[in-house]
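Enquirer: Just the structure for this:
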Amino acid sequence: MVDKIVESNMAKKPDNTVFYASMAIVIAIVGWGLAAQASFATFADNLLAYLSNTFGWAYLLAMFVFVVFAAILAFSKYGDLKLGPDDSTPDFSTKSWFAMLFGAGMGIGLVFWGVAEPIYHYLGPVGAEAGTPEAVDFAFKTSFKHWGFHPWANYSIIGLALAYMQFRKGKPGLISSIFIPLVGDKAVQGVFGKTVDILAVFATVAGVATSLGMGTLQIGSGISYIFGVEQTMFMNLMIIAVVTVIFIWTAVSGVDKGIKVLGDINLVLAGGLLVGTFLVGNKVATMNGLSSGLGLYLNDFLKDSLSISAFGDNSWLSGWTVFYWAWWIAWAPFVGSFIARISRGRTIREFIGGVIFAPAMASFIWFAVFGSLGLNLFNNGTMTEIGAAETALFEVMQHYPLGTVLSFITLMLLCTFFITSANSATFVLGMLTSEGDLNPSNQKKIIWGLFQSLLATALLLAGGLKSLQTISVAAAFPFIFVMFLAIASFMKALVNDEKFAKK
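Expert: Residues are numbered from 1 along each chain as shown. The predicted model follows:
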């Protein structure tokens, strides 16, 4: 029945308003960034600084509410409700489901920051002296906080509500569909709905284009570091070209084939790298770091989630935690939409466990293994400083047995995670600009894939990647309020669901 409703929604004449409007906005903003790079960078930095300093409390409060809401929902009477008809079953195995959602959500970020972030916190801790055991505790706890329950709870808000509306109510796969229970179909099909969907497309394009460019720089740095060749702009352009062909091909192949297969490969490579790194590293330090970091993270969860100084210096908080929270919120429309697309047939409780708890635990283990790998070298005096974040892992690996082999696996994992994020985003952009079609046309996917790569290339050549990242994070600020409305709308839908509504 639901499938027939979705098909009827798709049968009407296509409305490309969101496609053309979002494309025009992105082109205009990028054009500004390319034509007047200095003024664009200044505006982006000032806007983000203003939002971080003025509304840091709002980011902290919002992310905390997302975690609390998801936890309460998981243990409520609604936990057994299926995201689809009551007799529906999951479209993907649990392994493939987890692999796809994890790769889309933050896979490449863990590789990028797994070694670097704990070292940065160790060398510049808050409330402790650098290089001390207290600094080590701060490094693990803070890394766990930034990559733990908060970001995944943030993704779950959009993912849960959209999966419910898509698969249980037969509505289009658009962010705006979430608000039908709250404002009605007419408002969602009008200016309000179009505005929400355009904002979602912009956040996705800007975020993924930035990641494409920065991922290219990291892959190039890895190739340069491992093989001793110079990283040139030609190398970077070749990396973009190769990656573009692969991620468009896998996106065109669809979720069931290209994206799923690549997700499974990611899981094998990540698992192999994690085990190999654990075996060559300081195993006692790793287990101690995992235990201590997890204990401190859980013990201080409430305080760390909401603490911000009323009159003191919040520069560290703004530069790290608030920026992370803003970045995760900017990615929520894309990641939430993709997770929703692959979650048909899951129960709400199963969804929350798989999207929040399991990835967070994987992140804790990852940072314990790779964080201790780097901190061990600083603790014993082998290293005293760190270079750029993109080469930190390779710098550390060279001091361990099988370091070259593990570095090569890391490079492959960077490529596959990189491609996974890009093909997932391309698929979602096709959905969001095709009136929520769960299987958008190959033409739309190819257009968005090429557009993202050309955008990343132009910004890479002009040196404007950082500014686009900054403006995309700042522009996602309204999504804090969009997501609060999403919670209200979703709860109204659950209360009125035929399974729970009073007869």
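
Enquirer: can we go C-alpha only for contacts and neighbour counts from here?
Expert: Noted.

Enquirer: Show the residue spans covered by the helices in the stretch 351-500 of the chain.
Expert: With DSSP state H, counting those that start in this stretch applied, the stretch 351-500 of the chain shows helices at 358-379, 389-397, 403-432, 442-462, 465-475, 479-495, listed in chain order.

Enquirer: Could you export these as TSV, including distance to G124, mean pLDDT and mean neighbour count?
Expert: Supplementary listing: these in TSV, determined by distance: least, C-alpha to C-alpha, whole Å; pLDDT from 0 to 100; neighbours: other C-alpha atoms under 10 Å:
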stretch	distance to G124	mean pLDDT	mean neighbour count
helix 358-379	13	95	23
helix 389-397	15	87	21
helix 403-432	26	87	25
helix 442-462	30	85	20
helix 465-475	23	79	23
helix 479-495	30	94	18
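
Enquirer: V205: which of those is closest?
Expert: helix 442-462 (6.6 Å; C-alpha to C-alpha).

Enquirer: what helices or strands is the closest one leaning on?
Expert: With contacts defined as 3 or more C-alpha pairs under 8 Å, 6 or more residues apart in numbering; DSSP states H and E, the packing partners of helix 442-462 are helix 17-35, helix 191-227, helix 233-253, helix 403-432.

Enquirer: out of those helices, deepest packed?
Expert: Highest mean neighbour count among these (mean count of other C-alpha atoms under 10 Å): helix 403-432, with a mean of 25.

Enquirer: what helices or strands is it leaning on?
Expert: In terms of contacts (3+ C-alpha pairs under 8 Å, 6+ apart), helix 403-432 is packed against helix 94-105, helix 107-113, helix 191-227, helix 233-253, helix 260-280, helix 323-341, helix 389-397, helix 442-462.

Enquirer: following the fifth one, which helix or strand comes up?
Expert: Toward the C-terminus, helix 260-280 is succeeded by helix 283-299 as the next helix or strand (DSSP states H and E).

Enquirer: Please enumerate residues in contact with that following helix?
Expert: By C-alpha atoms under 8 Å, 6 or more residues apart in numbering, the list of residues contacting helix 283-299 from outside reads 137, 140-142, 144-145, 278, 364-365, 368-369, 372-373, 376.

Enquirer: so how far is the helix or strand that comes right after that helix off the chain centroid?
Expert: As assigned by DSSP H and E, the chain's next helix or strand after helix 283-299 is helix 301-306. Centre-to-centre, helix 301-306 and its host chain are 22 Å apart (C-alpha atoms, centre = their mean, to the nearest Å).

Enquirer: and if you look at stretch 460-472?
Expert: Mean C-alpha position of stretch 460-472 versus that of the full chain (C-alpha atoms, centre = their mean) differs by 18 Å.

Enquirer: With only the CA atoms kept, save it in PDB.
Expert: Below are the C-alpha coordinates for stretch 460-472, written out as PDB (Å, rounded to 0.1, in the frame of the first residue of the first chain):
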ATOM      1  CA  LEU A 460      41.000  23.900  -4.500                       C
ATOM      2  CA  LEU A 461      42.600  25.900  -7.300                       C
ATOM      3  CA  ALA A 462      41.500  29.200  -5.800                       C
ATOM      4  CA  GLY A 463      42.300  28.300  -2.200                       C
ATOM      5  CA  GLY A 464      38.700  28.700  -1.000                       C
ATOM      6  CA  LEU A 465      37.900  25.300   0.600                       C
ATOM      7  CA  LYS A 466      38.200  26.500   4.200                       C
ATOM      8  CA  SER A 467      35.900  29.500   3.500                       C
ATOM      9  CA  LEU A 468      33.200  27.300   2.000                       C
ATOM     10  CA  GLN A 469      33.400  24.900   5.000                       C
ATOM     11  CA  THR A 470      33.000  27.900   7.300                       C
ATOM     12  CA  ILE A 471      30.000  29.400   5.500                       C
ATOM     13  CA  SER A 472      28.300  26.000   5.200                       C
END
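
Enquirer: For stretch 106-114, which residues meet the burial criterion?
Expert: When neighbours are counted by 16 or more other C-alpha atoms under 10 Å, the buried residues of stretch 106-114 are found to be M106, G107, I108, G109, L110, V111, F112, W113, G114.

Enquirer: could you dump the residues you listed to CSV with distance to S467 and pLDDT?
Expert: Compiled in CSV, the buried residues of stretch 106-114 are given as follows (distance: C-alpha to C-alpha, whole Å; pLDDT from 0 to 100):
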residue, distance to S467, pLDDT
M106, 21, 70
G107, 23, 64
I108, 20, 76
G109, 19, 82
L110, 22, 86
V111, 23, 86
F112, 19, 83
W113, 20, 90
G114, 24, 91
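
Enquirer: for this structure, which spans come out with low pLDDT?
Expert: Low-confidence regions of the chain, defined here as pLDDT under 70, cover residues 1-13, 107, 501-503.

Enquirer: so what's the residue sitting nearest the centre point of the chain up against?
Expert: If you average the C-alpha coordinates of the chain and look for the closest C-alpha using C-alpha atoms, centre = their mean, you land on G105, 3.7 Å from that point. Listed by C-alpha under 8 Å, 6+ apart, the contact partners of G105 are V335, S421.

Enquirer: The one 3 residues further on too?
Expert: If a contact means C-alpha under 8 Å, 6+ apart, then I108 has L414, F417, F418 as its contacts.

Enquirer: got it, and G33?
Expert: Residues near G33 by C-alpha under 8 Å, 6+ apart: F40, A41, G464, S467, L468.

Enquirer: mind redoing it with 10 Å?
Expert: With contacts defined as C-alpha atoms under 10 Å, 6 or more residues apart in numbering, G33 is in contact with I27, S39, F40, A41, A44, L459, A462, G463, G464, L465, S467, L468.

Enquirer: mind checking how far the nearest residue to W113 once chain neighbours are set aside is from G215?
Expert: In space, not counting the residues next to it along the chain, W113 is nearest to A389; the distance is 7.0 Å by C-alpha to C-alpha, 6 or more residues apart in numbering. A389 sits 12 Å away from G215, taking C-alpha to C-alpha, to the nearest Å as the criterion.

Enquirer: joint contacts of these two?
Expert: Counting by C-alpha under 10 Å, 6+ apart, the common neighbours of A389 and G215 are F112.

Enquirer: Provide the secondary structure category for the residue nearest to R168 when sequence neighbours are not counted.
Expert: For R168, the nearest residue in space outside its immediate sequence neighbours is G84; the separation is 4.1 Å by C-alpha to C-alpha, 6+ apart. The three-state label for G84, taken from DSSP: H, G, I helix; E, B strand; the rest coil, comes out as coil.

Enquirer: G84: neighbouring residues, count only.
Expert: For G84, the number of neighbouring residues by other C-alpha atoms under 10 Å comes to 23.

Enquirer: what's the answer for the one 10 residues further on, then?
Expert: Around T94 there are 13 other residues, counting by other C-alpha under 10 Å.

Enquirer: what residues are up against it?
Expert: The contact partners of T94, taken as C-alpha under 10 Å, 6+ apart, are M100, S343, R346, G354.

Enquirer: in these, which two residues are the furthest apart from each other?
Expert: For the contacts of T94, the maximum inter-member distance is 14.8 Å, found between M100 and R346 (C-alpha to C-alpha).

Enquirer: And these two? Which one has more around it.
Expert: Neighbours per residue, other C-alpha under 10 Å: of M100 and R346, the larger number sits with M100, 29 against 23.

Enquirer: Relative to E129, how far out is the residue lying closest to the more buried one once chain neighbours are set aside?
Expert: The spatial neighbour of M100 that comes closest, neighbours along the chain excluded (C-alpha to C-alpha, 6+ apart), is G263 at 4.9 Å. When C-alpha to C-alpha is applied, the distance between G263 and E129 equals 41 Å.
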